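quick one: sequence and predicted model below, then my questions.
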Amino acid sequence: MTMDDLPYSQACENNKSVILEKLTTVFATSNCVLEIGSGTGQHAVFFANALSHLTWVPSDRVENHQSIKAWIKHMPSPNLRPPLVMSFPEATWPAEPIDAVFTANTAHIMQENEVRAMMQLIEDALPAGGHFCQYGPFTDKGVFSSQSNQEFHLSLVARGYGGYRDIQELANWSPSLQLLDVHEMPANNLLLHWQKTS
């Protein structure tokens, strides 16, 4: 399969470098990262190659695995694992020794009960001191960061997706995840940096 044949997300290409700048610091002492919602697989192969000190474990619904496997075959890394099946709300924690989690552009696509289940699973299973980086568009105390974000939220809901989640809502669902930083990112997105406190 050539580069032209691979499933492709322009958003992944646009944001991968700015996300990596933050992950390089946040995951500096992490050993094994679970990526929830790996999508096309572009993030997985890029981050695994750049963060060679850790193991990267992609995961997603089974229908996305063909794409993830194709990207892994195209850009293999010795620290990159085959994708795991994870579908919320019924997902369970992997057997791998996960001590960090990453997810991008999932919370506004998933339904509310799915996002709640994801936050609570991470809270329950991530070891104390573990880091969780969550990228995407969010509201803060019910406020949208831009008119375009509000319009995008409404279009998502109209198409049957869950729409934007609020940062305070996420925190209330997972009280032992402490929000350490909210990093402003391009295109009105944020990177939320959580840490398991106990």
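Done, it's in. Residues are numbered from 1 along each chain as shown.

any buried residues in the longest helix that the chain contains, and which?
Across the chain, the longest stretch assigned as helix under DSSP state H is helix 10-26. By neighbour count on 16 or more other C-beta atoms under 10 Å, the buried set for helix 10-26 is Cys12, Asn15, Lys16, Ile19, Leu20, Lys22, Leu23, Val26. No exception for glycine: its C-beta is placed from N, CA and C like everyone else's.

likewise for stretch 54-70?
Within stretch 54-70, the residues that qualify as buried are Leu54, Thr55, Trp56, Val57, Pro58, Ser59, Asp60, Asn64, His65, Ser67, Ile68, Ala70, counting by 16+ other C-beta under 10 Å.

and for the residue nearest to Ile36 when sequence neighbours are not counted, the neighbour number?
Residue nearest to Ile36 in three dimensions, not counting chain neighbours: Thr103, with 4.2 Å by C-beta to C-beta, 6 or more residues apart in numbering. Thr103 sits with 22 neighbouring residues when counted by other C-beta atoms under 10 Å.

am I right that Thr103 falls within a strand?
Yes. Thr103: assigned to a strand according to DSSP: H, G, I helix; E, B strand; the rest coil.

run through the bridge partners of it.
Partner residues in beta bridges with Thr103, using DSSP bridges, are Ile36, Gln134.

list the residues that contact it.
Applying C-beta atoms under 8 Å, 6 or more residues apart in numbering, we find Thr103 in contact with Glu35, Ile36, Gly37, Met118, Cys133, Gln134, Tyr135.

look up how far Leu179 lies from it.
15 Å (C-beta to C-beta, to the nearest Å).

report how many residues lie close to the residue lying closest to Ile19 once chain neighbours are set aside.
Nearest in space to Ile19, with sequence neighbours left out and distances taken as C-beta to C-beta, 6+ apart, is Tyr135 at 5.8 Å. Around Tyr135 sit 23 other residues, with neighbours defined as other C-beta under 10 Å.

ok, now His131?
Using other C-beta under 10 Å, His131 has 22 other residues around it.

verify the contact between it and His193 for me.
Yes. Taking contacts as C-beta atoms under 8 Å, His131 lies within contact range of His193: 6.9 Å.

give me the common contacts of the two.
Residues touching both His131 and His193 (C-beta under 8 Å, 6+ apart) are Val26.

all helices for the chain, in order.
Listed in chain order, the helices of the chain (DSSP H) span residues 10-26, 42-50, 65-74, 112-125, 147-158, 167-173.
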